[in-house]
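Asks: Predicted model and sequence below, questions to follow.
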Amino acid sequence: MKILTEPFTTKHNTAPFSQIKIEEYQPAFEANITLAKTEIDAITNNPEAPTFENTIEALDFSGEALDRLSSIFFNLNSAETCDELQKIAQDVSPLLTAFGNDIALNEELFKRVKAVYDQKDNLSLTPEQATLLDKKYKSFTRNGALLTEDKKILLREIDTVLAKLKLTFGENVLAETNSYKLHISNEADLKGLPDGAKEMARSLAKADDLDGWLFTLDFPSYLPFVTYVDNRELRKEMAIAAGRKAFQENDYDNQENVKNIVALRHDRAQLLGYNSHSHFVLEERMAQNPEKVQSFLNELLEKAKPAAQREFTQLTAFAIELDGLENLEKWDGAYYAEKLKQKLFSLDDEILKPYFKLENVLNGAFTVAEKLFGITFNEVFDIDKYHDEVQTFEVLDFEGKLVAIFYSDFFPRKGKRNGAWMTSFKPQYIKNGNNERPHVSIVCNFTPPTETKPSLLTFNEVTTLFHEFGHALHGMLANTTYPSLSGTSVYWDFVELPSQVMENWCYEPEALALFAKHYETGEIIPQHYVEKIKESASFLEGMATMRQLSFGLLDMAYHAKPQTIDNVKAFEKAAMDNTSLYPDVTENCMSVSFSHIFQGGYSSGYYSYKWAEVLDADAFAYFQEKGIFNKEVATKFKDNVLSKGGTELPMELYKRFRGQEPKPEALLKRAGLIL
């Protein structure tokens, strides 16, 4: 336990993963919660009059050991979990919720915070200090500080139950993902599947002591299967298996969890004086209220729907022409879209993948960051890591000073949840004159190497890497005083700007020339492929936009007003009806595995992906105008967006970078939805 309760003695104060024993986590949480309580008590019982320094600042720096432990533990619970970690997560989550409530409902502490807040106009605070004060005050009022004692008790109960429900939701999705395997013994059933995907499937089968080929619901296994396999019945089986995760009326069914989470969130919001969970959430977002979000989504829907319907008609006509298939189902979409894309652009992922060796793409992202922001990435081998596949890097500025520690973790495995994400093991902040540098990680589930080939990425995986790397840059280049305002600690509908804007470099010839090189010959990707990539960037974009909008509208349907949900499937169908293109699949339900909103932090916030697309298209238009590696624009982006974290209102930061508010025209043009 000692290793988790005392300052680390490792290089750059990095997490000592290999020294941590699983059984040490629970007692360490208990000890660090006790320590954090002692720090809070010292602030609360300070005999001196409340000041910004002895109350607000002290509060933000309190609980450092607990925060560090939580970062390590919960990051591993997502990237390298096991039954023991999941059990500890279930046990410690209520303790952490209770501790959070002990702070939020501490009347004496709130009195001190309020005393400072009430005199804020006379304190000559910096913008960052003013933001911190406002945030700390709201952290109390938005968590029940103004409630009566009986309602505070009820709030605690709701928060404790919600914490466990969210954990269970995620565990159920992971269990269902891991439990499904499709074993193919007849190679003829795999007609159409590229050799690389087939080889990966054979490796999976070997790992399970099976002959033939094995497919799972992990994205690198699932997506090639439904995209390329000619056997329609097998595509159907895989697609239905993916769509019925946690919707099978078994021990991992999430229908009741969805109902309970939605109901409790609404009760919590009402208890705090808000009309709905969405009203509560959006008060602290750029969008401000549900009405503005609904208007934003509906405006995009109005623009995208005609294009999406045209594209769907085109795709259906193509399927009829190719195979006489008149009714396009969900398991046909990726398959015929890929074939149509090949016909229109003579381009498919199998042609492109040899040019996107993972190591080259990662180095390409590093080079883009160096050209834009003057930082370099040096792989090191004396920093501890939690799995052999993880790579560790020192990030240095042009003077050789440490900017950050960067971890990368790219391949699927049993203990890792699906998807891709950026996270942090240690935030950036300035304390006692020291600028503590952050430890940042990106975690993905990319196509792994095989016995004969290195990891060769699909173009979608290339953009995913750049996306998560954009989040990582937001964390690594942070330069704020307070940990709670650092890096990605910004409004949810602003947090996707750095990630989504970085994807744009994947489409630019000048950037592709840096890293898109054939893994065997070293040949730079041919110019006509680059042109095809750019041409195909808006291929079926109307349909893709409709899909994203359907998720945002479903999220708002659950959270923007009181709901009585008798049947999760029927509720989902009604909410997404206006965006539906394919026939419904009776056996499938998306809500029960919609981890973004029921396990992660995106409830009433899924719209933020499209919101941030407006920001990123507008921002990249500025780069294109001046040059995609223009130092002046890059420095303005670094100084006004990446380094500032949540220290000021995001629209103010954006306008300081861009000189104006964002306009949606850049996004609509890029998506081919307007001329």
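Replies: It's in. Numbering: from 1, shown residues only.

Asks: Go ahead and measure how far stretch 584-600 is from the middle of the chain.
Replies: Here stretch 584-600 is found 17 Å from its chain centre; the criterion is Cα atoms, centre = their mean, to the nearest Å.

Asks: oh, I was asking about stretch 76-85
Replies: Distance, centroid of stretch 76-85 to centroid of chain: 18 Å (Cα atoms, centre = their mean).

Asks: burial of Ser18, as a residue count?
Replies: 8 (other Cβ atoms under 10 Å). Using the backbone N, CA and C atoms, a C-beta is placed for each residue, glycine as well.

Asks: Contact partners for it?
Replies: By Cβ atoms under 8 Å, 6 or more residues apart in numbering, Ser18 lies in contact with Asp384.

Asks: can you check Arg202 too?
Replies: Arg202 neighbours (Cβ under 8 Å, 6+ apart): 212-214.

Asks: Now name the helix or strand holding it.
Replies: In this structure, Arg202 sits in helix 195-207 according to DSSP states H and E.

Asks: Direction included, what does the helix or strand just after that helix pair against?
Replies: Later in the chain than helix 195-207, the nearest helix or strand by DSSP H and E is strand 213-216. Strand 213-216 sits in its sheet next to strand 181-184 (antiparallel), going by DSSP bridges.

Asks: How far off centre is the strand it pairs with?
Replies: On the basis of Cα atoms, centre = their mean, strand 181-184 sits 29 Å off its chain's mean C-alpha point.

Asks: just stretch 323-336 next, same as before
Replies: Put simply, stretch 323-336 sits 30 Å off its chain's centre (Cα atoms, centre = their mean).

Asks: With stretch 453-469 instead?
Replies: 16 Å.

Asks: Equivalent analysis for stretch 109-116, please.
Replies: On Cα atoms, centre = their mean, the centre of stretch 109-116 falls 34 Å from that of its chain.

Asks: and what of stretch 34-42?
Replies: With Cα atoms, centre = their mean, you get 32 Å for stretch 34-42.

Asks: residue boundaries of the helices in the stretch 401-550 of the chain?
Replies: For the stretch 401-550 of the chain, applying DSSP state H, counting those that start in this stretch gives helices covering 459-476, 492-503, 509-515, 527-536, 541-559.

Asks: a markdown table please, covering those and showing mean neighbour count, mean pLDDT and distance to Arg417.
Replies: Listed next are the helices of the stretch 401-550 of the chain as a markdown table, based on neighbours: other Cβ atoms under 10 Å; pLDDT from 0 to 100; distance: least, Cβ to Cβ, whole Å:
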| stretch | mean neighbour count | mean pLDDT | distance to Arg417 |
| --- | --- | --- | --- |
| helix 459-476 | 24 | 97 | 14 |
| helix 492-503 | 24 | 92 | 18 |
| helix 509-515 | 19 | 95 | 28 |
| helix 527-536 | 16 | 89 | 30 |
| helix 541-559 | 22 | 96 | 18 |
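
Asks: any chance of these in JSON lines, with distance to Met651 too?
Replies: JSON lines is the format used below for the helices of the stretch 401-550 of the chain (distance: least, Cβ to Cβ, whole Å):
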{"stretch": "helix 459-476", "distance to Met651": "17"}
{"stretch": "helix 492-503", "distance to Met651": "8"}
{"stretch": "helix 509-515", "distance to Met651": "28"}
{"stretch": "helix 527-536", "distance to Met651": "30"}
{"stretch": "helix 541-559", "distance to Met651": "20"}
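
Asks: Neighbour-wise, which one of the contacts of Arg202 leads?
Replies: Trp213 (25 neighbours).

Asks: biggest helix in this structure by residues?
Replies: helix 290-323 (DSSP state H).

Asks: Next SSE downstream of whatever helix or strand Phe377 lives in?
Replies: Taking DSSP H and E as the definition, Phe377 sits inside strand 376-380. Toward the C-terminus, strand 376-380 is succeeded by strand 391-396 as the next helix or strand (DSSP H and E).

Asks: Give the partner strands of that following strand in its sheet and their orientations.
Replies: Sheet pairing for strand 391-396, using DSSP bridges, gives strand 376-380 (antiparallel), strand 402-409 (antiparallel).

Asks: Show the average pLDDT along stretch 436-452.
Replies: Stretch 436-452 shows an average pLDDT of 94 in the prediction.

Asks: Which positions within that stretch qualify as buried?
Replies: Applying a neighbour-count criterion of 16 or more other Cβ atoms under 10 Å, one finds 436-450 buried in stretch 436-452.

Asks: And for stretch 345-357?
Replies: Within stretch 345-357, the residues that count as buried by 16+ other Cβ under 10 Å are 347-350, 352-357.

Asks: Tell me where the stretch 51-200 of the chain has helices.
Replies: Assigned by DSSP H, counting those that start in this stretch, the stretch 51-200 of the chain shows helices spanning 58-61, 64-79, 83-104, 107-118, 127-141, 149-179, 195-207.

Asks: by contact count, what packs against the fifth one?
Replies: What that stands for is helix 127-141. Judged by 3 or more Cβ pairs under 8 Å, 6 or more residues apart in numbering; DSSP states H and E, the packing partners of helix 127-141 are helix 58-61, helix 107-118.

Asks: Repeat the analysis, applying 10 Å as the threshold.
Replies: Using 3 or more Cβ pairs under 10 Å, 6 or more residues apart in numbering; DSSP states H and E, the elements in contact with helix 127-141 are helix 58-61, helix 83-104, helix 107-118.

Asks: Could you dump the ones you listed into a markdown table with distance to Phe551 and mean neighbour count added?
Replies: What follows is those, written out as a markdown table (distance: least, Cβ to Cβ, whole Å; neighbours: other Cβ atoms under 10 Å):
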| stretch | distance to Phe551 | mean neighbour count |
| --- | --- | --- |
| helix 58-61 | 34 | 18 |
| helix 83-104 | 26 | 17 |
| helix 107-118 | 37 | 17 |
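
Asks: Out of those, which is closest to Ala242?
Replies: When the helices and strands packed on helix 127-141 are compared by Cβ to Cβ, helix 83-104 sits nearest Ala242, at 22.2 Å.

Asks: Give the rounded mean pLDDT of that closest one.
Replies: Mean predicted confidence for helix 83-104 is 92.

Asks: and what of stretch 630-647?
Replies: On average, the pLDDT along stretch 630-647 is 97.

Asks: Touching, Tyr607 and Ala557? I think so.
Replies: No - using Cβ atoms under 10 Å, Tyr607 makes no contact with Ala557, being 11.9 Å away.
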